[in-house]
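Student: curious how this folds, go ahead:
(one chain, ligands or ions: 1)
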Amino acid sequence: MKRPDVLLSGKNVTKVFGYGKNKKTAVHDVSFDFHEGEIVSIVGESGSGKTTLAKMLLGLLSETSGEILYKGQPRSLKSHADRKKYWKDIQAIFQDPFSSFNVFYKVERLLRDCIKLQGLKLSEEKQLEMMKDACSFVNLKFEELHNKYPFELSGGQMQRLMIARIFMLHPKILIADEPTSMIDACSRSTILDMLLKLREANNMTIIFITHDVGLAYYVSDTIYIMEKGQFVESGPADEVILNPQHPYTKQLISDVPKIHEEWNLAI
Ligand SMILES: Nc1ncnc2c1ncn2[C@@H]1O[C@H](COP(=O)(O)OP(=O)(O)OP(=O)(O)O)[C@@H](O)[C@H]1O
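Tutor: Below is the predicted model of the structure:
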């Protein structure tokens, strides 16, 4: 079977912060190919450069050197209109859902904005239908939540609301940066399963950023292991986890003794 097309790729991407003795190379000469409909995990310890790379992918930070290509072309992100166009195709969810929401808006407004953002002119009836569909996709009830503010929701409900928004916006690429680190194990498995469902529903490319190699193995097709700003190993999840080559990958895996057993994330 033909491998899906490469959607997002990087060639020798480097990010350096600061100057002189404050100089810090957060991402050092990384290259990658992320394919359409693929779930890719970027795994590494705190400070390894994962979030810096995610911000470059999103166009929130510029590369110091190297190049990121979208659909095989260099990205043009100079004007506001360019960035708006790019952000239609690439969206992110972060570990702290509060950072993604305007806390002064009620749930209904947060969802309605997704329709507006796409420039869709729909009847009130159709808009309600879309918002209800998005909520039921993540097992939330629109009728119960539409009049609430984000702070009135539980952490798990907020994460699900973020995924409902992604369902409505249906970007081509979703970057999920530690989206389950602030919720309990039971909600974690639900969120991960919803990410898998999103991929099924929209053939989305999902870039899952985590320090947890076990979670990465559970969700991904492909894994990139990141140490001190560099990719030290990458490949199909089974190959990387079942036959690791690099000492750092071996160390990460040895910290998860039950990785080879069947996963029950709700325990
Ligand atoms: N704006 C910045 N200015 C200077 N240094 C930075 C900046 N942002 C990140 N760094 C440094 O770059 C390195 C990589 O940070 P980054 O946040 O990308 O790592 P991470 O793998 O995402 O870590 P975590 O899992 O803790 O979020 C760290 O040493 C960090 O201190």
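Student: helix/strand/coil for the nearest residue to S41 once chain neighbours are set aside?
Tutor: For S41, the nearest residue in space outside its immediate sequence neighbours is A216; the separation is 3.5 Å by C-beta to C-beta, 6 or more residues apart in numbering. The C-beta positions use only the backbone N, C-alpha and C, and glycine is treated the same way. Put simply, A216 is helix when judged by DSSP: H, G, I helix; E, B strand; the rest coil.
Student: A216 is in contact with F208, isn't it?
Tutor: Yes - applying C-beta atoms under 8 Å, one finds A216 in contact with F208, separated by 6.7 Å.
Student: which residues are common contacts for those two?
Tutor: Taking C-beta atoms under 8 Å, 6 or more residues apart in numbering as the contact definition, A216 and F208 share the neighbouring residues S41.
Student: circling back to that earlier point, the residue nearest to S41: neighbour count?
Tutor: Other residues lying near A216 total 27 when counted by other C-beta atoms under 10 Å.
Student: and it, how far from E67?
Tutor: 26 Å (C-beta to C-beta, to the nearest Å).
Student: ok, now L111?
Tutor: 36 Å.
Student: the two: which is more packed in?
Tutor: Under the criterion of other C-beta under 10 Å, the comparison of L111 against E67 puts L111 first, with 24 against 13.
Student: can you list the residues of the stretch 101-250 of the chain near the ligand?
Tutor: If contacts are counted using C-beta under 6 Å from any ligand atom, the residues of the stretch 101-250 of the chain sitting beside the ligand are H211.
Student: check what pLDDT M1 gets.
Tutor: Per-residue pLDDT puts M1 at 63.
Student: ok, I42 next?
Tutor: 97.
Student: cool, M182 as well?
Tutor: Per-residue pLDDT puts M182 at 62.
Student: would you put the C-alpha positions of the helix or strand of the chain with the lowest mean pLDDT in CSV?
Tutor: Among the helices and strands of the chain, helix 185-202 carries the lowest confidence by mean pLDDT, DSSP states H and E, at a mean of 81. Output in CSV follows, covering the C-alpha atoms of helix 185-202 (Å, rounded to 0.1, in the frame of the first residue of the first chain):
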residue,chain,number,x,y,z
ALA,A,185,-6.1,8.3,34.5
CYS,A,186,-9.7,7.6,33.5
SER,A,187,-10.2,10.9,31.7
ARG,A,188,-6.8,10.4,30.1
SER,A,189,-7.8,7.2,28.4
THR,A,190,-11.0,8.9,27.2
ILE,A,191,-9.0,11.8,25.8
LEU,A,192,-6.6,9.6,24.0
ASP,A,193,-9.4,7.5,22.5
MET,A,194,-11.0,10.7,21.3
LEU,A,195,-7.8,11.8,19.6
LEU,A,196,-7.8,8.4,17.8
LYS,A,197,-11.5,8.9,16.9
LEU,A,198,-10.6,12.4,15.5
ARG,A,199,-8.0,10.9,13.3
GLU,A,200,-10.6,8.3,12.0
ALA,A,201,-13.3,11.0,11.5
ASN,A,202,-11.1,13.6,9.7
